[in-house]
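Asks: Structure for the following, please:
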Amino acid sequence: MTDVYLNGGLIGTVDDAAKFAESVISGRREGKVTSLLNVYHNKKEDTIRLWTERDRVRRPLIVVRDGKPVLTDEHMAKLKSGELKWSDLVKLGVVEYLDAAEEENAYVAMTPNQIKKNHTHLEIDPIAVFGICTSMVPYANFDPSSKLNRGQKTQKQAMGCYALNFWNRMDTAINLLHYPQVPLVKSFTQQIYGDALSSGQNVVIAVIGFDGYNINDALIVNRSSIDRGLWRSTYYRPYVTEKLRYPGGQIDDICIPQKDVQGYTLEKDYRFLGEDGVIAPEVEVGGGDVLIGKTSPPRFLGKLEAFSAAANIRKDTSVRVRYGEHGIVNKVIVTESEDGQVLIKVDVREYRKPEIGDKFSSRHGQKGVIGRIVPPEDMMFSASGIVPDIVFSPNGLPKRMTVGHIIEALGGKVGALAGRSVDGTLFHSEGSDKLRQELLALGFRNDGTEVLYDGRTGRQYHAKIFVGNMYYMRLKHQVADKLQARARGPIALLTRQPTEGKAKEGGLRLGEMEKDCFVAHGSALLMKERFDSDKTIQWICEKCGAVGVFDSYRAKAYCLCGEKTKVEPVEMSYAFKLFLEELRAMHIRPKLMLKDKY
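Replies: Okay, here's the model as predicted:
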């Protein structure tokens, strides 16, 4: 007896599990039961599980009977003529949707040529096993799965024209590529999702080392290409504030804050504000500049305190440009929120061009940062005068085995010379043999290599260098967003150590492991200097070892254990002093036993 479960609940038992599962599947194909039903026969557990729940991921497959697909040429002709629709194929039992569970019992063939007697289903197209982004990678069937996975992720991080109504939107932290291009080599799915949403540019690429500046996936970029607008982008950052109402009738005030307001900074920070307390469009601003002037009443006031003098002290809660960022005010919107409060949005744009450290990638997961921007006169050039935009290291290809990367460069070269787009759809692409023959007919070597000359010496390279056209994407990871430096600045209230994080003007932490490196090198004075960011002097009692008290009025230190005891100043970290106090709070009394070093 085999247990039968419906959506996880036991509903009965059957004698012949295989026969029951078959009858359910045939009933679904004949339309006797709903097409939303899926059945899974688990032979190990000897159970049958039926599923009709919502939100199951299901995918269509062509039914195979006796080694032949049920979909015939007659069906195809009727589909083309419009006599049949997709829904009709499902009703006729030609196509059925399987979920992850039922797929365990299915044996799926990729192509009609591979079908054997024991196959149960056929893929509609081999490309259906891939997702949206992966199906857009040209010649993806020539790449390892790990690189494909990385390649489709980089497409999500690429800059482009993400929406055609971007001018009317205010999204969080948007990078907009100025001149997005349609790829020369593309999959047919690119046209389905829209060429308007392309997110990259076609560049000339040469595969050769360049003085070690393109080692480890780094790229050499031609400066003249950047000067002509290659990969230029604009970064948009919105700043939002709301005029809130508080209990007791208190409200926020949008204005230019007065100097007596708590938290008022330098006068120059407020210099761009208009009479209404809001900045005007097209003003150039930097980190710390106020965009929206705002003051708020003191928080946490009781009913009686609302009428006291403390209630009149307002706090500066102005919206400022983030530390380390700069740009031009793009647009200012004054509107209402859902609650009817005044809502102000200021959009700041920053014009950016590629710089050393910015990240780029091809669609095959070959990602890297700019290692050097080279003047055009120092770049290598071909006999026909072509200067590459990118110099890519040949060491990035053998280990990663991205053969599709090379074929795309070859196809891009053919497309650029012949003035056409090359079909690189997975499993249905134009063959590399055909591309090589076409390249030969166009007057170039069929392997894509060319004679190059060194721009610095004018001498010809001994080896033939592979040159092609590739679709490269600029990713959102930019040096401008990650660059962080600090000298003196804000400290944390509790530990008196520098704050953490770029937004808080923080420093880079020199932690336990870095300390161990200093110890190993024997650089004691350097370590002492690095560890004095929270240096403090505490008076320690020689008798009891406790932290003493310093009376600044009388300029005298003493200990609570007796006035006649000797108290000495000791230099220590404030965090260590805090640690001693925390131990005392746990009823553990630490003692610092002093000893005369002389």
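
Asks: Tell me which residues touch the residue nearest to Ser146 when sequence neighbours are not counted, please.
Replies: Excluding its sequence neighbours, the residue lying closest to Ser146 (C-beta to C-beta, 6 or more residues apart in numbering) is Gly365, at 7.8 Å. Quick note: C-beta positions are derived from backbone N, CA and C, even for glycine. For Gly365, the contacting residues are Asp143, Ser146, Lys147, Leu148, Asn149, Arg150, Gly151, Lys153, Thr154, Arg400, Thr402, by C-beta atoms under 8 Å, 6 or more residues apart in numbering.

Asks: can you tell me the helix or strand for Gly365?
Replies: Following DSSP states H and E, there is no helix or strand that holds Gly365.

Asks: Which of the contacts of Gly365 sits closest to Glu96?
Replies: Glu96 lies nearest to Leu148 out of these, by C-beta to C-beta, at 28.0 Å.

Asks: Does the closest one lie in a helix or a strand, and which?
Replies: helix 145-157.

Asks: next helix or strand past that helix?
Replies: Using DSSP H and E, the helix or strand that follows helix 145-157 in sequence is strand 174-177.

Asks: Show me what that next one packs onto, helices and strands only.
Replies: If you count contacts as 3 or more C-beta pairs under 8 Å, 6 or more residues apart in numbering; DSSP states H and E, strand 174-177 packs onto strand 233-242.

Asks: what about whatever helix or strand Glu582 lives in, average pLDDT?
Replies: If you go by DSSP H and E, Glu582 is part of helix 574-585. Helix 574-585 comes out with an average pLDDT of 95.

Asks: one step back: and the contacts of Gly365, which are buried?
Replies: Asp143, Lys147, Leu148, Arg150, Gly151, Thr154, Arg400, Thr402 (16 or more other C-beta atoms under 10 Å).

Asks: and the first one, what is it in contact with?
Replies: Asp143 makes contact with Val137, Gly151, His364, Gly365, Met401, Thr402, Val403, Gly404, His405, according to C-beta under 8 Å, 6+ apart.

Asks: Show me the strands in the stretch 401-550 of the chain, by range?
Replies: 422-423, 449-450, 452-453, 465-474, 535-541, 549-551 (DSSP state E, counting those that start in this stretch).

Asks: ditto for the stretch 51-200 of the chain
Replies: Secondary structure of the stretch 51-200 of the chain by DSSP E, counting those that start in this stretch: the strands cover 58-65, 68-69, 95-99, 108-109, 121-122, 174-177, 185-186.

Asks: Looking at the fourth one now, give me its mean pLDDT.
Replies: Translated: strand 108-109. Confidence for strand 108-109, expressed as mean pLDDT, is 94.

Asks: packing partners for it?
Replies: By 3+ C-beta pairs under 8 Å, 6+ apart, strand 108-109 packs against strand 121-122.

Asks: ok, now with 10 Å
Replies: strand 58-65, strand 121-122 (3 or more C-beta pairs under 10 Å, 6 or more residues apart in numbering; DSSP states H and E).

Asks: ok, and the closest non-adjacent residue to the spatially most central residue of the chain?
Replies: Nearest to the mean C-alpha position of the chain, by C-alpha atoms, centre = their mean, lies Gln157 at 5.3 Å. Leaving aside its chain neighbours, Gln157 sits nearest to Leu475 (4.6 Å; criterion: C-beta to C-beta, 6+ apart).

Asks: Against Val374, how distant is that neighbour?
Replies: 21 Å (C-beta to C-beta, to the nearest Å).

Asks: on that earlier part again, wait, which of the contacts of Asp143 is closest to Gly340?
Replies: Gly151 (47.9 Å).

Asks: Let me see the contact set for the closest one.
Replies: 133-134, 136-137, 140, 143, 361-367, 402, 404-405, 473 (C-beta atoms under 10 Å, 6 or more residues apart in numbering).

Asks: and the closest residue to it other than its chain neighbours, how far is that from Thr402?
Replies: Spatial nearest neighbour of Gly151, chain neighbours left out: Gly365 (3.8 Å); criterion: C-beta to C-beta, 6+ apart. Distance, Gly365 to Thr402, using C-beta to C-beta: 7 Å.

Asks: just Glu505 next, same as before
Replies: Glu505 sits 41 Å away from Thr402, going by C-beta to C-beta.

Asks: repeat for Asp46
Replies: Counting by C-beta to C-beta - Asp46 and Thr402 are separated by 46 Å.

Asks: Likewise for Val204?
Replies: Using C-beta to C-beta, we find Val204 at a distance of 19 Å from Thr402.

Asks: what's the domain layout of this protein?
Replies: 2-124, 140-232+356-474, 234-352, 535-585 (automatic domain parsing).

Asks: how long is the first one end to end?
Replies: For domain 2-124, the separation between the terminal residues is 34 Å (C-alpha to C-alpha, to the nearest Å).

Asks: Repeat that for the last one.
Replies: Distances were taken as C-alpha to C-alpha; on that basis the terminal residues of domain 535-585 are 22 Å apart.

Asks: and that domain, how far out from the chain's middle?
Replies: Computed by C-alpha atoms, centre = their mean, to the nearest Å, the chain-centroid distance of domain 535-585 equals 50 Å.

Asks: next one: the third one
Replies: Offset of domain 234-352 from its chain centre (C-alpha atoms, centre = their mean): 30 Å.

Asks: I'd like the contacts of Asp143 written out as JSON lines, with pLDDT and distance to Leu580 added.
Replies: Shown next, in JSON lines, are the contacts of Asp143 (pLDDT from 0 to 100; distance: C-beta to C-beta, whole Å):
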{"residue": "Val137", "pLDDT": "93", "distance to Leu580": "60"}
{"residue": "Gly151", "pLDDT": "90", "distance to Leu580": "55"}
{"residue": "His364", "pLDDT": "94", "distance to Leu580": "57"}
{"residue": "Gly365", "pLDDT": "92", "distance to Leu580": "53"}
{"residue": "Met401", "pLDDT": "93", "distance to Leu580": "58"}
{"residue": "Thr402", "pLDDT": "93", "distance to Leu580": "58"}
{"residue": "Val403", "pLDDT": "94", "distance to Leu580": "64"}
{"residue": "Gly404", "pLDDT": "94", "distance to Leu580": "62"}
{"residue": "His405", "pLDDT": "95", "distance to Leu580": "60"}
